[in-house]
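>>> Turn this into a model:
(2 chains)
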Amino acid sequence: MIEAALDLLVGVQNEDGGWGAVKGKRSNTESTSFALMALKSFEGKLFDRQVTAGLQWLLEHQKDDGSWFLNDASKQSSWTTPIALLALLSLQDQKEHALRAAKWILTQEGRKPGWVASLLVRLSLVKKMTELDPYLSGWSWTAGAFSWVEPTSYSLMALKKLKRSLAGTNCEERIRQGEMLIYDRMCENGGWNYGNSRVLGEALWPYPDVTAVALIALQDRAASEANQTSLRALDVMMREAPSGTALSWGILCLRLYNQDVREWKEILEKSFEKTRFLGETKGVALALLAFGNGASLFRV
Amino acid sequence: MMNRREFIKVSAVASLSSLVGGCRPSVRWDRDAYRKPATSRVAILEARSYQASLEDIIRHGLHLFKLDLKGKRIVLKPNLVEFDPKGVINTHPAVIEAAIASFRSLGARDVVVAEGPGHRRDNEYLLTASGVYDVINEHRVRYVDLNTDDVRLTKLRSSLTDLRQLYIPETLFNADLLVSMPKLKTHHWAGVTLSLKNMFGIVPGSIYGWPKNALHWAGIHGSILDINSSLPIPQFAIVDGIVGMEGNGPLQGQAKQSGVLILGEDLVAVDATAARLMKIEPRKIDYLEIADRFLGNISYEKIELVGERLERFQQDYRVIENFQELKVLTG
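The predicted structure is shown next:
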């Protein structure tokens, strides 16, 4: 699987050095970042040319404020910034660019209810629609929107990796708030979906990929009951929904929690044979990270 | 739990808040957004089960409209928002398969299946679990993830929200007909989710996120209208009402056998008809009521029903407590 996946990944690199979501699509920050991390985790395979071109794409697309847009068609800084930061940290001598990104991340915050909605929450009209705490501070997918689990998790990973270099900022407080938000959004029996555990009183179910991403962001709280419950939920979900993305994120997560992943790698290999992960750059890159030493790139 | 009256109050206060904040545009649309026809044809076709010869039924249905499909590029946009093995959330793969075969047999040059799921990012899971992967694989149809497609920033032709512009997937600009293929469902925020609401799925998650929360902040009803008024190509609708969903839709409602497909070129008329089929008053659905002013017809008298009689398939679809007053049918 590794050779085929590497061939696939290298074969879909765009001429501008970046990667699109699938072959033929415009280069974007998320796909390029995961592809770079995947190739970097197979250093012995001599992908220097591809990595150099990919890094060049990333550096050229970093904005003055430290953020990245999704791609050249987008006109707004995006949730992909912490992922680009993680990619830069996997490469040598890029810490300065990563720190600029981290400082931008610290300026971002998901939207909270305004005074009208606050009043309504106080009158107990709104909170009952969902049962989450809307005042916790995390990160949103797009400016002006609510905080959700996945973008908050990426930002936490990025900030936790750089927190020693961010002394004197509000980094520690943002990390604490972000963690509180993720725990607040946990589903009833562990795990996470996009970020809503109940709607109109009914429990919603968790997703394996988001659960793994959240657990990676919370890896330094491994012993907590919520983490352990969610790890068990992740195991069940990976058996029930063994897609490439779910298995790959799951393996990366389980390795960071020091669990045996040999069985999961076999299942991942079979999954690749069946669908080749739809040729999606991110899916293929994640699988390579899971098969190789990619977990270390997410260690905080 | 908030009831509908409280919900309306919340919406009204939220609107007032926007006004206080300034700059909320008045309800308006550009001249080229107006496309309400004098009358609209909607086909109601019996399809007892997913084992029925759906290709024949859909092809017959398409013949009831003067669609020029020869050499055209068709985008089928099913509702594939989530997957629950015990639920009936998504457009059934048998309906998608029949639509692929029907459009091809009528001369379409290219048929693609495209969706931008609103909650889950994992396409491989959604496609394989739902059975859609086997269909596109067997028929060698391309699947486009609209969440990660290349995008084009597009000025909206109406301003029922403050959005003004949206990123729209390039796949739509490169096609000739967009076929909305929703499931017949009630919806706990919008009242019903049909061919117009299904277009939330074209908004790219890679820009707006999962869920597409920016649309919720802008207002669900207004967003539905602004998206639909600004689509770059003509549309058609095929509603999967063979088994619908009642109650707490779009995800956690109960299955309801209805045995019907609803087709039409005027998505507003199709949705109004589908609502009536669920014994829900379309004029009480905010976005349908406003759509009637410029996008299409919801008046019973302006809709020419062909195929089966509406009354034959009309059933009482339960709605959540907040929406009980939607159930009064005024004709």
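>>> In the stretch 151-300 of chain B, what residue lies closest to chain A?
Among the residues of the stretch 151-300 of chain B, B:G209 lies closest to chain A, at 2.5 Å counting by Cβ to the nearest Cβ. Yep, even glycine has a C-beta here, placed from its N, CA and C like the rest.
>>> what's that residue in contact with, if anything?
Residues counted as contacts of B:G209 (Cβ atoms under 8 Å, 6 or more residues apart in numbering or on different chains) are A:79, A:140-142, A:145, A:148, A:151.
>>> at 6 Å instead, please
A:141-142 (Cβ atoms under 6 Å, 6 or more residues apart in numbering or on different chains).
>>> and it, what pLDDT?
B:G209 is assigned a predicted lDDT (pLDDT) of 95.
>>> swap in the one 5 residues further on?
The predicted structure scores B:A214 at 88 on the pLDDT scale.
>>> That one should be in a helix, yeah?
Yes: applying DSSP: H, G, I helix; E, B strand; the rest coil, one finds B:A214 inside a helix.
>>> So what's the residue count around it?
Using other Cβ atoms under 10 Å in any protein chain shown, the number of residues around B:A214 comes to 23.
>>> mind listing what the residue nearest the centre of chain B touches?
For chain B, the residue lying nearest the average C-alpha position, counting by Cα atoms, centre = their mean, turns out to be B:S195 (2.0 Å). Residues counted as contacts of B:S195 (Cβ under 6 Å, 6+ apart) are B:180, B:182, B:237, B:267, B:270-271.
>>> any idea which of the residues you listed is closest to B:G307?
B:V270 (12.4 Å; Cβ to Cβ).
>>> I'd guessed that closest one sits against B:G264; true?
Yes: using Cβ atoms under 6 Å, B:V270 is in contact with B:G264, at 4.0 Å.
>>> if we can go back for a sec, what about the residue nearest to the centre of chain B, which SS state?
coil.
>>> ok, A:E273 to A:F34 distance?
21 Å (Cβ to Cβ, to the nearest Å).
>>> actually A:S147, sorry about that
Distance from A:S147 to A:F34, by Cβ to Cβ: 23 Å.
>>> Kindly report the same for B:A275.
In terms of Cβ to Cβ, B:A275 sits 43 Å off from A:F34.
>>> Likewise for A:A5?
12 Å.
>>> Tell me where the model's unsure across the chain.
Picked chain A for this. A:44-45, A:117-130 (pLDDT under 70).
>>> ah, no, chain B please
Those would be B:1-27, B:330-331, if you go by pLDDT under 70 across chain B.
>>> any chance you could map the helices in it?
B:4-21, B:54-63, B:93-105, B:123-130, B:132-138, B:170-173, B:205-208, B:213-218, B:220-229, B:267-277, B:286-291, B:310-313 (DSSP state H).
>>> Could you list the buried residues of stretch B:201-218?
B:201-215, B:217-218 (16 or more other Cβ atoms under 10 Å in any protein chain shown).
>>> residues contacting A:R255?
So, once contact is read as Cβ under 6 Å, 6+ apart, A:R255 ends up touching A:261, A:295.
>>> Helices of the stretch 101-250 of chain A, start to end?
For the stretch 101-250 of chain A, applying DSSP state H, counting those that start in this stretch gives helices covering A:115-122, A:149-162, A:171-184, A:208-217, A:225-240, A:244-256.
>>> So what's the residue count around B:Q315?
B:Q315 has 15 nearby residues by other Cβ under 10 Å.
>>> same deal with A:E202?
Using other Cβ under 10 Å: A:E202 sits among 10 other residues.
>>> Now do the phi/psi pair for the closest residue to it other than its chain neighbours.
Take A:E202 and drop its neighbours on the chain: the residue closest to it by Cβ to Cβ, 6 or more residues apart in numbering or on different chains is B:Q252, 5.3 Å away. Main-chain dihedrals, B:Q252, degrees, to the nearest 10: phi -110, psi 20.
>>> separation between B:Q252 and A:M37?
37 Å.
>>> For the residue in chain A positioned nearest to chain B, list the residues it contacts.
Going by Cβ to the nearest Cβ, chain B is nearest to A:W141 of chain A, at 2.5 Å. A:W141 is in contact with A:79, A:151, B:209, counting by Cβ under 6 Å, 6+ apart.
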